[in-house]
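Asker: below is the structure, and that's it, no one-letter string:
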């Protein structure tokens, strides 16, 4: 009964106390990054479904990835903006669990999609004659469904275990959102089984997608090096380089956060690494994926031309 009466109803997000006096400046910077990410990813989604030439597995996967990125940053950045602008750092317990669920669920979907996109590139480059028969839109949508379903099952089971924990002590989260690792550490229950399952889920998602990606790109590199023409090799490497940049940013920051050994003061560095995933990577994705893509450039020009003609 005592534990129930003292159960925490809300948490305080510590965010970045060292720069809190620069709140207005950081609000503006993160707002611009948030808007740029949303606009860039929405452009990819719009032109993919507006131009029939881009309704292929590669671009359907890319537009789904962009949609997940939009949802992913929306779970975190608006609250961070309100902290910088108004200094309101409290978040109710149900809202905290909801934010943690969507952050992990969408993050897992994004990682699985990255693996599927790597397989798509592998088939396109290493098995070009069989690509159309293996990777069609039906298979593409099935893979997207499987990525979403597996992520939902894993994260729902995890959050059900977390929701059963008691929180009756400190309520200050050393993060700028409801990071599940930080949240578990505040529980006054025995968290050993939850921590073990949390480590299993994050390790499974990150390592499975990483292994698939490494195998796919290892075969891609071997295939590219066997191409007789230097021009063909350059074109193939150019096609994959953008994907590899995004992969390096995402896997690097997430391995640093979730798979490194426990350290006493690791939470401070985790916040900076988490910013890469929630601010930097979603901002760079639309630029990286479309910068050298002539089909996207042409579709965008056609869409803008059509809008001018309508006026």
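Answerer: That came in fine, so what should we check first? All of these numbers come straight from a predicted model, not from anything done at the bench.
Asker: the strands in the stretch 151-300 of the chain, which residues?
Answerer: 172-173 (DSSP state E, counting those that start in this stretch).
Asker: so where do the helices sit in it?
Answerer: For the stretch 151-300 of the chain, helices defined by DSSP state H, counting those that start in this stretch occupy the ranges 180-185, 192-225, 230-254, 266-275, 281-291, 294-310.
Asker: tabulate those helices (JSON lines), appending mean pLDDT and distance to residue 160.
Answerer: Where C-beta positions appear, they are placed from N, C-alpha and C, glycine not excepted. Converted to JSON lines, the helices of the stretch 151-300 of the chain look like this (pLDDT from 0 to 100; distance: least, CB to CB, whole Å):
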{"stretch": "helix 180-185", "mean pLDDT": "88", "distance to residue 160": "13"}
{"stretch": "helix 192-225", "mean pLDDT": "90", "distance to residue 160": "10"}
{"stretch": "helix 230-254", "mean pLDDT": "73", "distance to residue 160": "23"}
{"stretch": "helix 266-275", "mean pLDDT": "65", "distance to residue 160": "24"}
{"stretch": "helix 281-291", "mean pLDDT": "74", "distance to residue 160": "28"}
{"stretch": "helix 294-310", "mean pLDDT": "66", "distance to residue 160": "41"}
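Asker: dump those into TSV; add mean neighbour count and distance to residue 119 as well.
Answerer: Formatted as TSV, the helices of the stretch 151-300 of the chain follow (neighbours: other CB atoms under 10 Å; distance: least, CB to CB, whole Å):
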stretch	mean neighbour count	distance to residue 119
helix 180-185	20	29
helix 192-225	16	5
helix 230-254	16	12
helix 266-275	16	27
helix 281-291	20	17
helix 294-310	12	20
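Asker: of the ones you listed, which approaches residue 154 most closely?
Answerer: Closest approach to residue 154 among the helices of the stretch 151-300 of the chain (CB to CB): helix 192-225, 5.1 Å.
Asker: could you export the helices of the stretch 151-300 of the chain as TSV, including distance to residue 30?
Answerer: TSV is the format used below for these (distance: least, CB to CB, whole Å):
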stretch	distance to residue 30
helix 180-185	20
helix 192-225	25
helix 230-254	17
helix 266-275	9
helix 281-291	10
helix 294-310	26
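Asker: quick check: residue 46 vs residue 209, distance?
Answerer: 27 Å (CB to CB, to the nearest Å).
Asker: hang on, I meant residue 247
Answerer: 9 Å.
Asker: what residues are shared contacts of the two?
Answerer: residue 114 (CB atoms under 8 Å, 6 or more residues apart in numbering).
Asker: please, where are all the strands along the stretch 1-150 of the chain?
Answerer: Using DSSP E, counting those that start in this stretch, strands in the stretch 1-150 of the chain cover 10-13, 90-92.
Asker: now do the contacts for residue 191.
Answerer: 165, 184, 185 are the contacts of residue 191 under CB under 8 Å, 6+ apart.
Asker: what's the answer for residue 135, then?
Answerer: 57, 120, 123, 124.
Asker: got phi/psi on it?
Answerer: phi -110, psi 90 (degrees, to the nearest 10).
Asker: list the contacts of the closest residue to it other than its chain neighbours.
Answerer: Of all residues not flanking residue 135 in the chain, residue 57 sits nearest, at 4.8 Å (CB to CB, 6 or more residues apart in numbering). Applying CB under 8 Å, 6+ apart to residue 57 gives the contacts 120, 135, 136, 137, 139, 140.
Asker: from residue 190, how far off is residue 57?
Answerer: For residue 57 relative to residue 190 (CB to CB), the value is 46 Å.
Asker: what's the answer for residue 28, then?
Answerer: 44 Å.
Asker: do residue 271 as well
Answerer: 27 Å.
Asker: do residue 246 as well
Answerer: For residue 246, the distance to residue 190 - CB to CB - is 39 Å.
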